[in-house]
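S.K.: any chance you could fold what I've pasted below:
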Amino acid sequence: MKKLMMVSVFIFMLNIAYGQAIPVFADDEEYEEYEGHEEENENEAFVEEGGELLGWGAVAATVAAGTLFPLRRKISFFTKTIPNGKSLFINLLRTLTKWHIPIGAAAVTLASIHGILMYMAEGELTLREYAGIAAAGLMITAAVIGMMLAKNKANSSIRFAHIGMLLMASMLIIFHIIIS
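M.R.: Down below sits the predicted model:
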């Protein structure tokens, strides 16, 4: 009888040590919370992926709106270097001038929604998030200055402030992307 008892205890201990761990809850409420945890992780992953996609959309819109400045500065270089493409560059410059404000507004909106979604997914603020918040703040400030610039296009100090803030925001965006 003693050997049978020792064998039973040994088998029981092996079962505990190597058996499959199955969570067992005596209370149904705890089990429902446990089941909801997997669903919550799926929702967080969906929010995070959507936030990242919006972030890259904001980068694309920022680049599209930002190409207006270097293209205006170098239009004569492009038209002299590639004479056959003069009409292409002029049409591109006209299109970018026409769509600069809506694309810039889309960039600010996408960046803001990106930040909100990523905060919802991660729930913490680190250096990366603070860089993104600062970049979004500079973009919003530059947008307000840009609205003043649209009414007074001859004022070079307003143009300098608009471009300078966006250059600082671009540096912060690049830093934000590198440390992500």
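S.K.: T97: neighbour count?
M.R.: Residues within reach of T97, counting by other CB atoms under 10 Å, total 12. Heads up, the C-betas are built off the backbone N, CA and C, glycines and all.
S.K.: any figure for the gap between it and I75?
M.R.: Applying CB to CB, to the nearest Å, the value for T97 to I75 is 11 Å.
S.K.: I133 contacts G115, doesn't it?
M.R.: Yes - contact criterion CB atoms under 8 Å: I133 and G115 qualify, at 6.5 Å.
S.K.: the two: which is more packed in?
M.R.: A count of neighbours by other CB under 10 Å puts G115 above the other of I133 and G115, at 20 against 17.
S.K.: can you pull the contacts of the more buried one?
M.R.: Residues near G115 by CB atoms under 8 Å, 6 or more residues apart in numbering: E129, G132, I133, A136.
S.K.: make CSV out of the residues you listed and add secondary structure.
M.R.: Formatted as CSV, those follow (DSSP: H, G, I helix; E, B strand; the rest coil):
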residue, secondary structure
E129, helix
G132, helix
I133, helix
A136, helix
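S.K.: what average pLDDT does stretch 87-101 get?
M.R.: For stretch 87-101, mean pLDDT is 91.
S.K.: tell me which residues of that stretch come out buried.
M.R.: Within stretch 87-101, the residues that count as buried by 16 or more other CB atoms under 10 Å are F89, L92, L93, L96, H100.
S.K.: find the residue at the geometric middle of the chain.
M.R.: G55 (2.7 Å; CA atoms, centre = their mean).
S.K.: which helix or strand contains it?
M.R.: Per DSSP states H and E: G55 is located in helix 28-66.
S.K.: that helix: what's the following helix or strand?
M.R.: Next along the chain from helix 28-66, counting by DSSP H and E, comes helix 68-81.
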